[in-house]
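Undergrad: Sequence and computational prediction follow.
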Amino acid sequence: MSEVLRSTDYKSNLKPIWCAGCGDFGVLASIYKAFEELQLQPENTAVCSGIGCSSRLPGYINAYTFNGIHGRVLPFATGVKMASPKSTVIAVGGDGDGFSIGAGHIGHAARKNIDITYIVMDNSIYGLTKGQASPTTPLGVKTKTTYYGNMGMTFNPVRMLIAYKASFVARTFAGNPKHVQEMIVKAIQHPGFSFVEILSPCVTFRGKDQFKIIRDKSTYLNETHDVEDELKAFDIANNEEYYALGVIYKKVRPTYAEIVREHVTKKAKATVNGTPKIDELLEQFQP
Amino acid sequence: MLNNKNIVIGIAGSGGEGIISAGEILVNAASSEGLFVFMLKSVGAQIRGGESSIRVRVSDLPVQSQGDRIDVLVVLSWKNFLRFKSELQLEEKVIIVSDTDDPMPDEEIPLTESQREFWYKIPFAKLAEEHAGTHQAKNIVMLGAISEIFSLPREALSKSIKKKFKYKTPEIIENNIKAMVAGVEYVKTQVVKNDPLIFEYQHRKPRLVMQGNEAIALGAIYAGLDYYAGYPITPSTEIMEWISRYLPQRDGIAMQMEDELASINAILGASFAGKKAMTATSGPGISLMNEGIGLASMAELPVVIINVQRGGPSTGLPTKTEQADLMQAIWGSHGDSPRVVIAPCDVEDCFDSTVLAFYIAEKYQCPVIVLSDQFIGHRKESVNPESIGGLNSGFRKIYQRDVPSAEELKDYNRYKITENGVSPMTSLGIKGGEYLGSGIEHDEKGSPRGDAANHAKMTEKRWKKFEYIKEEFRFERFYGSKEAKLGIIAWGSTKGAVKEAVLKANAMGMSVEAIIPQIVYPFLIEPFKEFIKNKDRVIIAEMSYAGQFRRYLRGFLRFSQYGVKVIPFTKAGGSPFMVEEILDKIIEEWKEMEAQR
C-alpha cells in the first residue's frame, strides 16, 4: 500500500484567482479534506470542469485535471469515466455552466447513471464575466444584464435532478465546510451519477450578506428522512422557503458501465505480431 | 456504346418492390465472381416505402465511377421511374426490361425511337405469384430474367439469393429460387433476344463488398479504436450503427450522446484518459463540433472526427453529396487551431484514411478530420480483400501512444516545447504525470497564462508539428501522362470521375495528367509545384459552387508565376460528377490549347 495522503497533498502549486470571501474557497478546502478521507490516489482521480469562476477549481487540485469549454463538463467527464472505469471522476462547475449553457447534458448523464460526481457551486450569478443574471438568479433581481430586474423564474436544480432520475441528489452550503465534505464523500462513494448542489455565495456581485441570508434559510435533514422516497424528495425540493440541506434523494440502480458489462459478451482484441486481426469482422462483407 | 465487359444497370421502382435487395443480390453475385462492382442508391424522402432507384455497374475491368449512362434499364413500375428520370440518364441504345402488366405512360416518358428498339416485356409480378406464391418475389423473377438475357453469372446469383434470405424459413428460400428459375425459363422459352449485349468476364478471386461508411468503421477498429461517441445524422449514421454493434465486443465502448457538442467533448475526455477515440457526423453536426475541435488543438488531445459531407448549407440536402465543407474543416474553429484534414477518395481509401488518421492523431497529439462524403459513404463498392486489413499499403501502421520516460516524469511538463512540437503525454493511471489540461492558454506546465509572449511561444509550438507531418506523410495519386500540358487537380470523391476521364482522354490521344491528394491539410506543396510546373492549363474540379478547393490552392500555388492558366470547374453538389462531364471539359480545353499552338 502507498503512504497515507494528507489534504495538503491534493493541493497544486496554483493560487486561486477567486475574490476574497468567495464561497468557493470553502468548497475547495472541503474537497481536499474529502479526498483525504477517501484516500484518493491523484493518478487515479480526474477532476474536470467547463468555464466560470468555480470551473477554475480543477487547476488547484493535484490530480489529472481538465479545464475545458463552457457547459461541456458532463460529456467530457463521461468520456473520461468510460475510458478509465476504475478512476474516480468528478465534474465541477457553476450554475451558469451547468444550468444554462450546459443544461442539455445533465438529464443524459443522470438517466444513463454514469458513475461520476457532479458538484455545482451555485452562486446565482455570472461572476467571471462580472455580474450578469444566471438561471438561479432570483426573480426581480437587478444585474448588469437585467437592468429592469430578472424577468425569468428561478431554476430549481434539486427538483430538476430528481425529475431526471439522478440516483443521488444532495444539497449543501459553502458556509458549513464539514457538511460540504460529508456530502462530497457520500456522493463519491455512491455508485452511479451523484449530484451535489453547493450554495456558494458570490460576495462581489450578490452582496456580502449572502452567507447570512443562506444560513438563515437553511435547515438540515435528519435521519428520519427516507432518501429513497422520491415524492418526499420532490416535496423537499419544492419548498423554496427553506434550503433543506443533506442527501435529499438516493436510489442505487445499475450504472451504464454495469449494464454494458451485463449485455455484451466481450472477446479479446485479437492481434498478430502487434497488428490487429479483423478477419472475423470481414466475414460479413464476403459476397 | 455497348461494351460487353462493362455494364450499367438501372433499376427503378418503389421501396416495397425490393429494388435495393435485388441490387444487393446482384452486387454480391458479381463480387463473388471477382468482378468489379459499384452500386449507388437513390431514395425518395419517405422514411419507408416510396420510390427508389439503384444503379449497378458491373465490370470485368476496374471501375472508378458509377458509370454515366444506363445500358440496361429495368423498370418495376413506370410511375416510380418518373421521379428518377433525371438521375437515370439512358444510353441511345438502351435495353429496356419492364413488367408486361405495367404499361408505360407514353406521354410522360418520352423515349426516342432508338431507345425503344430493344424492349423486353416480362410478367414479373404474374410469374412471382404463380411460382413463389407472392407477387413480392417479382424482384427475384427479374434477376433471373436479366441473368438469362445478358449472361450474368447465374450460379453466383442463386448462391447470393440463398445468402440474402439465410435467416428466413427454408420455404421462403425455396420460393425465391423458384422465382429466379421462373424468370430464367420465361426468357428461354418466350423471349427472342435481339439486342447485342452479352456480358463477358473472367472468373477471379472473390472481392469484398462494402459501403464507404462501413470501411471507415472497420478502419477505426483496425486502428485500435477504444471509445466512440456520436449522434445520428445522415449520411454518417451507418458508421455509428456498425461501431455500436462491433466495438463493445472488442473491449471498447460506443455511446449515443444527446448531441454533437456532447459527442466531441466525450471523445476528448476519453482521449484525455489515454484511449483512442473517434466520432462521426455530417454538416450540421460538424458545425456544432467546431468549438470542441479547437479545444482538441489547444489541449493537444488526439481525436479522429469523421465528416461524411452532405449538401449544405444548413439542413441542405441530407441524402446528397457535396464537397463544400473543406474550408470549414481547415479553418473551422475560432483562433489559430491546427488540425489535419484527410480526404478519402473511394471506399477502399476510407479504410486507409481512417487508419492513417489515428496514426497522425496519436503521434502528433492533435485532431484529425476525415472528410468523406455521401457519394463514397453510401455507395457499395467491391474492394480488394488485401487492401482491407491486408498488407497492401505502407500507411497501415498502428500507432500506440508514447508514454513519458521516468526522466521526463521527474519534472513533468505536459506541454514541453520540443523540436517537433510534440510533448510527453501522460494519462490517468500514470503516477507522477498528473497535470492540468486546458482550453485556456497555458505554459509548458499546463498552468493558465495570459501574456502575449507565452501565447506566441505556445502557438508556435502547436503549429510546429505540422511541418513534421508534411515531411512524414507524402502521398498523392497521379493519373495520366507526366508530359501532359493539361492538368486536372481534384480531391476526395471526385477522383473517380477524374481518373476515368483522364484514362479515356489518354486513350483518345489527348495527353492529360491528374493529381489527387490524400492529406489535404497541412498542404504538401512540393508535389503540386512539380505537377503544375510543366502545365499550360490546369482544371480544378470540385463539387463546391464557391470553388473552395481552388481558392485554397491559390493560397499556396502561384499558378501565374508558372504561366499556368487556371480553369475553374465547379458545380453545386447534389449529384456527383459524371465521367462525361469531366471528359467534355478536357476535350474543350484540349481543343482550345491545340488551336493556340
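TA: Nice, I can see it.
Undergrad: Enumerate the positions of the strand or helix carrying B:A179 that are buried.
TA: Here B:A179 sits within helix B:170-190, counting by DSSP states H and E. Within helix B:170-190, the residues that count as buried by 16 or more other Cβ atoms under 10 Å in any protein chain shown are B:173, B:175-184, B:186-187. In this view, the C-beta of every residue, glycine as well, is placed from N, C-alpha and C.
Undergrad: Stretch B:66-82 now?
TA: In terms of neighbour count (16+ other Cβ under 10 Å), stretch B:66-82 has its buried residues at B:66-81.
Undergrad: A:Y242: which of those residues is nearest?
TA: Proximity of the buried residues of stretch B:66-82 to A:Y242 (Cβ to Cβ) peaks at B:N80, which lies at 67.0 Å.
Undergrad: Tell me, what's the model's pLDDT at the closest one?
TA: What the model reports for B:N80 is a pLDDT of 82.
Undergrad: For the helix or strand hosting it, name the packing helices and strands.
TA: Following DSSP H and E, one finds B:N80 within helix B:78-84. With contacts taken as 3 or more Cβ pairs under 8 Å, 6 or more residues apart in numbering or on different chains; DSSP states H and E, helix B:78-84 sits against strand B:6-14, strand B:51-59.
Undergrad: so what strands line up beside the last one?
TA: Looking at strand B:51-59 with DSSP bridges, its paired strands and their directions are strand B:6-14 (antiparallel), strand B:36-43 (antiparallel).
Undergrad: Point out the one among those that comes closest to A:A77.
TA: Closest among those, using Cβ to Cβ: strand B:36-43, at 39.5 Å.
Undergrad: gap between the two ends of stretch B:231-239?
TA: The straight-line separation of the ends of stretch B:231-239 (Cα to Cα, to the nearest Å) is 11 Å.
Undergrad: Just the residues contacting that stretch, thanks.
TA: Contacts with stretch B:231-239, where a contact means Cβ atoms under 8 Å, 6 or more residues apart in numbering or on different chains, come from B:211, B:213-214, B:216-217, B:230, B:240, B:256-260, B:262-263, B:280-282, B:284-285, B:306-308, B:310, B:318-319, B:374, B:377-378.
Undergrad: Return only those of these found close to chain A.
TA: Restricting the contacts of stretch B:231-239 to those near chain A by Cβ under 8 Å from any Cβ of the partner chain leaves B:214, B:257-259, B:262-263.
Undergrad: So which residues of the stretch 401-550 of chain B form helices?
TA: Taking DSSP state H, counting those that start in this stretch to define them, one finds helices in the stretch 401-550 of chain B at B:406-410, B:452-472, B:495-507, B:525-533, B:548-554.
Undergrad: Kindly reformat the buried residues of helix B:170-190 as JSON lines and extend each row with pLDDT.
TA: Below are those laid out as JSON lines (pLDDT from 0 to 100):
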{"residue": "B:I173", "pLDDT": "94"}
{"residue": "B:N175", "pLDDT": "95"}
{"residue": "B:N176", "pLDDT": "95"}
{"residue": "B:I177", "pLDDT": "96"}
{"residue": "B:K178", "pLDDT": "96"}
{"residue": "B:A179", "pLDDT": "96"}
{"residue": "B:M180", "pLDDT": "96"}
{"residue": "B:V181", "pLDDT": "96"}
{"residue": "B:A182", "pLDDT": "96"}
{"residue": "B:G183", "pLDDT": "96"}
{"residue": "B:V184", "pLDDT": "96"}
{"residue": "B:Y186", "pLDDT": "97"}
{"residue": "B:V187", "pLDDT": "96"}
